Each structure stands twice: as C-alpha cells, then as structure tokens.
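In: This is the structure alone, sequence omitted:
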C-alpha cells in the first residue's frame, strides 16, 4: 500500500475559488464565523461551520448541524459551484504570506501508515473534538478539512513541485487576511508516479496540524472496513485528505500564555520567587523572545525578559527541553499553581499571529494578571518529539499561514 495516492478532488468551479475558500473551521469561534459569512453565500464555512445557518443558540454538535452541512454541500454541487475532477490527481499548493512562501502537495495519505506510526503525531486529541470530526466525515461522506503534514525536505520532491509551480496556476487569489493561495492540478502519469515513489521512499511523515481530523479518518476507516465484507484496502475511506510540506519551509509562531491570577503572590513576591530560577531584566518594550530558554513577562504594567538558569534546561529530553515545557515546569506549574494547563481555566493561550498587543491589553484591563511570551517551537524539535513517540504539551505550535478549507475535498466513494 502506498504512503500517498492520487484522488479525484471535489473543487470550486473555475473562477469560484476565492468565493468558496475559507479559513480552517477550528481557528474561529461561532460569532466570528457568522461575521465571516456575511455577504458570502458560497463561503465554505456554510459546510465547515454550518451552525452559521442555524439559530445562534444551536448546539454545534447537534444532529441538525451535520445535516445542514450535507445540505449545503449538496446544494453547492447541484448549482455547479463545486465540481469533482473526472480523474485522480495530485495537486500542488502554494501559500504566500508576505515574504514567506511554502509549496506542498495535496494528496490522499494512507490511514494504514497513520495507524502503524509511519505518519507520526505529537499531540493528544480530545474525545469530543474527535467525535465531531467523525460525524462530520460520515455525514458528508467526504473529508473537507485537510490534515497538515510535513516531510523531511528531499530534493526529489522539492524539484518536482518547483517545476510544476513554474507554470501558470489554475487557482490564484489572495484571501482577506492577505495570504495568497495558488493551486496546480498534476495529471501527467510520469510526474504522478515519480511523486508516489519519492514519498514511498520516505521513512515517515509528521502531523503538523490536524490531529483530530487524522484520528477521525482512522476511526471512520476502521468502521467502514468492519461493515464491508469485500474490503480490499484500496477503498477511498482508507486514505485521508492531506497537504504535505517540506519541513524547511514551515513557519511556526509562538503560542503565548495569559494567567488570570498570581496564585497568592504579589508582583513583588512573584519577582523575588522567580529570581531563584531566572535572570530578570526590566525592558522598555514588549518582548518577543529571540532565544531558547528566554521568555517575556508582562506584570503590573512592566515588561521583563526572563532567562532561565542554564542548569535547569535538560540536556537530552526532547519534550522537557521545549520552551513551552521549561515555562510550564519552572513558572506556570510550581509558581502559579497551574498543574494541568490542558484543563485549568485560569490559563488562556494566544497564537503568535495576534502579536503582543493583546497580551498587555488583557492584563491592563484586569481580565488577566500576567502575560508570558515565548520563543517559537522549531520544526526540528517537533519532529524529534514525534520520532520518540512522545507528546508535546498543549498549545506548543501555531503554524502560519493556514491552509484554506474548500479548495480540494476528498470524497469517500
């Protein structure tokens, strides 16, 4: 069984991609999604966040929500807005965000490789979120949100994608957030065979983003296998929609932290306590750390640079060495008393794309007591954790730019 294979994508009709494409379903709340679909009747959010077409108090996990998604998808197909390719393809997909450019491959990745650990994950999933994606895939009979995968950059693949993307793209638009999206269909057999063979030669792929989607695809495949007495392994449910990028083109932003109270400390006593673990320096401007083991802290109207004492940084443990772990193990846990950041409601997380302004603003407003900025996790660190079969702390990575939903969907025949 190949690691990846081609598929006949369901895509916006020619000239409709900009109207259809939408941000990933899980990067906005319901209120934001409703605002985004105003004046955009063809937005893919009507499929990925169908509660926007139902009353505001609708339970997002209600059966009516999944039914509305299917209704909306079927209507867009009937209207000719979404059209399925007549033959299987790979697709080359390029994202441009300012000076940053990344070019990857849209493909159907093998569930068997995921189940065997060849497609490696680095996060736990939440059952309610996983169940949601299972119901979404089953109801739509399609995977509409791609899993963001990464491969260790290899010239064999990179050169092919560079050659394909030298031609004029079939899709080329700039989204409202300023990110440019370009897409090329790959139909010629020698190129397809070369890409399939090149990926087959790779040791592994890595889930960068989309752990719930990949876990749900695995569950759907297992259930459909059990219900199919003529199962061969080649059925479309044995593969999941993915976009695969080389690791050296990834852009990871920090995932910053806010905490609601000081766990009984005053600002003065907190600084005194931290001085046993960190070198502390007051700074005049908001601080975005530029080095491993360095953190920014906003407390009582003042930004500080915290530099962890080197002897407190583990030498080899790939999880314990992460900046998110160092902050948790030396400040958030022992000093602020948040031992389970996955569930403790005293902590909040802010993606680095939002900048540092919202951190100080929420502290100044009194909503939060302290803000903490981090150096971003490196792609090599993520892969090292996955290679060891370990799991990263929650909210360790924020990838930018985000993939668009709706550009290519994978129908389960």
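Out: On my side now, so go ahead. Note that the structure is predicted; figures quoted are calculated from it, not measured. Numbering: from 1, shown residues only.

In: Quick check, pLDDT for residue 28.
Out: pLDDT, residue 28: 87.

In: got the contact list for the closest residue to it other than its chain neighbours?
Out: Leaving aside its chain neighbours, residue 28 sits nearest to residue 36 (6.9 Å; criterion: C-beta to C-beta, 6 or more residues apart in numbering). Heads up, the C-betas are built off the backbone N, CA and C, glycines and all. By C-beta atoms under 8 Å, 6 or more residues apart in numbering, residue 36 lies in contact with 22, 23, 28, 43, 45.

In: tell me, how many neighbours does the third one end up with?
Out: It refers to residue 28. By the criterion of other C-beta atoms under 10 Å, residue 28 has 16 neighbours.

In: and what of the first one?
Out: Burial of residue 22 is recorded as 24 neighbouring residues (other C-beta under 10 Å).

In: can you check the second one too?
Out: Residue crowding around residue 23 was assessed by other C-beta under 10 Å; the count is 25.

In: could you pull out the helices for the stretch 51-200 of the chain?
Out: 63-78, 111-115, 127-140, 155-164, 189-200 (DSSP state H, counting those that start in this stretch).

In: Those: which one's closest to residue 218?
Out: Closest of the helices of the stretch 51-200 of the chain to residue 218 is helix 111-115, at 5.3 Å (criterion: C-beta to C-beta).

In: would you list the helices of the stretch 51-200 of the chain in TSV and tack on mean neighbour count and distance to residue 4?
Out: Output for those, formatted as TSV (neighbours: other C-beta atoms under 10 Å; distance: least, C-beta to C-beta, whole Å):
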stretch	mean neighbour count	distance to residue 4
helix 63-78	17	24
helix 111-115	19	9
helix 127-140	18	19
helix 155-164	16	11
helix 189-200	15	5
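
In: got a list of what residue 62 touches?
Out: Here residue 62 is in contact with no residue (C-beta under 8 Å, 6+ apart).

In: same check, this time on residue 14
Out: residue 170.

In: any chance of the helices of the stretch 51-200 of the chain in CSV, plus distance to residue 85?
Out: Below are the helices of the stretch 51-200 of the chain laid out as CSV (distance: least, C-beta to C-beta, whole Å):
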stretch, distance to residue 85
helix 63-78, 13
helix 111-115, 22
helix 127-140, 18
helix 155-164, 16
helix 189-200, 13
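
In: Among those, which comes closest to residue 363?
Out: helix 127-140 (29.1 Å).

In: which residues touch that closest one?
Out: Contacts for helix 127-140 (C-beta under 8 Å, 6+ apart): 47, 60-61, 66-67, 69-70, 73, 143-145, 212-213, 215-217, 219-220, 412.
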